[in-house]
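[1] The following block contains a protein sequence and its predicted model.
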Amino acid sequence: MKLGYHLGYWSAGPPEGAREAILTAEELGFDSVWTAEGYGSDAFTPLAWWGAATSRVTLGTNIVQMSARTPTATAMAAMTLDHLSGGRFVLGLGASGPQVVEGWYGQPYPKPLARTREYVDIVRKVVAREQPVSHDGATFSLPLTGDGTTGLGKPLKATVHPLRTHIPIFLAAEGPKNVALSAEICDGWLPLFFSPKSDGFYRAALESGFAARGGRPPEFEVAASVPVIVHDDVEKAADLIRPSLALYIGGMGAKTANFHHDVFARMGYEDVADKVQDLYLGGRKAEAAAAIPTRLVEDTSLIGPPAKIRDELAAWEETVVTTLLLRGDSALLRTVAGILS
C-alpha cells in the first residue's frame with residue numbers, strides 16, 4: 001500500500017506545522033497530500049498554498065463538498081489547480097449530510113446519489129472541453145431556463161484549456177449505494193472509518209459498481225484515512241482517538257440521519273453507536289467517548305507499540321485499500337513511515 005498525508009479541515013485556525021509536515025511527507029516518499037473542508041476552512045486554498053512548496057506529491061481534496069459550489073465552479077478550481085501543480089491534482093468530492101448542506105449552504109438534500117451522478121457528469125464535461133457544456137437533469141440545468149430567468153443563458157466552453165482532459169475524481173462514500181457509485185463513475189473511493197473486518201461488505205459494493213461500469217478500471221484507487229497512534233500503552237493510545245469517534249458517531253449528523261453512526265452499526269457496534277449518540281446529543285461528551293470500547297478503536301485505527309501496529313498492518317494489506325492516509329505532525333509521519341515501510 002501507498003502512504004498519503006491527510007491534513008483534514010481546520011479547527012479554530014490553520015494547523016501548526018502544516019507546511020513542514022507536507023514537505024516531510026514528500027521527502028519520505030509519500031504518494032499524496034489531502035485537505036478537507038467542513039463549515040470553516042475550504043479545501044482548495046490550503047492545498048494550493050502549501051502544495052506550491054512541493055514538486056512531486058499528488059495533491060487531493062478529501063473532500064470538497066458538492067453543495068458548496070456549482071459543478072462548473074468546482075471544475076474551474078480543479079483545472080486551475082491541475083495547471084498550477086503540473087498535473088498532480090485529484091478532485092475528491094462528497095455529498096456531506098443534510099445538517100451541513102441545508103444548515104450551512106442553504107441547499108436542499110434530496111436524492112444525493114442522483115445529484116452526485118449529475119455533478120460528476122458536468123465536471124467531466126467541463127474538463128474534457130469537447131464542446132459547450134449543456135445539461136438537462138433533475139438537479140442541474142445548463143443553461144438555466146424557465147420562470148425567473150432572463151432567457152439569455154447559453155452553453156459555454158471553459159476559456160482555459162485543461163492541462164489534462166481527464167482529472168481523477170474520487171468520491172467519499174460510506175453507504176453501499178454510494179460506494180458502488182464511486183466504482184461506477186469515478187476514479188477512486190475515499191472511505192472513512194474503514195475496517196478490515198468490513199472488507200467483504202465494501203468489496204461487494206465496489207464490485208457492483210464495477211459491473212455497472214463494464215469492468216474495473218486499471219488504476220482505481222481506494223485511499224482510506226486511518227488514525228495511527230504509536231504508544232506503548234494501547235489504552236492511552238485509544239483515549240486519544242475516542243473523542244473524535246464520539247464526535248462523528250454521536251454528533252456529526254442528526255439522530256435520524258448520521259451516516260457515520262450507520263457505519264459502526266453495520267460493523268456490529270449498533271448498541272455502542274446508539275449509546276454514544278444518546279450521550280453525545282445529551283451533552284455528555286466525555287461519557288460518550290468513554291463508552292467507546294478499545295476493540296472498536298482498534299477495528300478502525302492502528303494503535304499501540306510499533307510491533308503491534310506492524311503486525312496488524314497485514315490485515316489492511318489484504319483489503320481493497322490501496323493507500324493509507326495518515327494524520328499528524330512531521331515527527332509522527334517519520335515514525336509511522338519507519339514502522340509501515
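    Happy to help now that I have it. Residues are numbered from 1 along each chain as shown.

[2] quick one: contacts for R69?
    Listed by Cβ atoms under 8 Å, 6 or more residues apart in numbering, the contact partners of R69 are A77. C-beta coordinates here come from the backbone N, C-alpha and C atoms, glycine included.

[3] Report pLDDT for it.
    Looking at R69, its pLDDT stands at 98.

[4] Please tell me how far the residue lying closest to S11 once chain neighbours are set aside sits from A12.
    Excluding the flanking residues, the one nearest S11 by Cβ to Cβ, 6 or more residues apart in numbering is G40, at 7.7 Å. Relative to A12, G40 is positioned 9 Å away (Cβ to Cβ, to the nearest Å).

[5] now do K275
    Between K275 and A12 the computed distance is 29 Å (Cβ to Cβ).

[6] if we can go back for a sec, could you confirm the residue nearest to S11 falls within a strand?
    No. Counting by DSSP: H, G, I helix; E, B strand; the rest coil, G40 is located in no strand; its state is coil.

[7] from what I can see it touches G8, true?
    No. Using Cβ atoms under 8 Å, G40 makes no contact with G8, being 11.0 Å away.

[8] Compare neighbour counts for these two and give me the winner.
    Higher neighbour count among G40 and G8: G8, with 18 against 11, using other Cβ atoms under 10 Å.

[9] What distance do you get for the more buried one to G38?
    9 Å.

[10] where exactly do the helices run in the stretch 151-300 of the chain?
    With helices called from DSSP state H, counting those that start in this stretch, the stretch 151-300 of the chain shows them at 176-185, 199-213, 234-246, 259-264, 270-281, 285-290, 294-300.

[11] closest to L84 out of those?
    helix 176-185 (26.0 Å; Cβ to Cβ).

[12] Just the buried positions in the closest one, please.
    Residues of helix 176-185 classed as buried by neighbour count (16 or more other Cβ atoms under 10 Å): P176, N178, V179, A180, L181, S182, A183, E184, I185.

[13] Need the three-state assignment for the residue lying closest to K177 once chain neighbours are set aside.
    Using Cβ to Cβ, 6+ apart and skipping residues adjacent in sequence, the residue nearest K177 is L113, 5.9 Å away. Under the three-state scheme (three-state DSSP), L113 adopts helix.

[14] Alright, that wraps it up for me.
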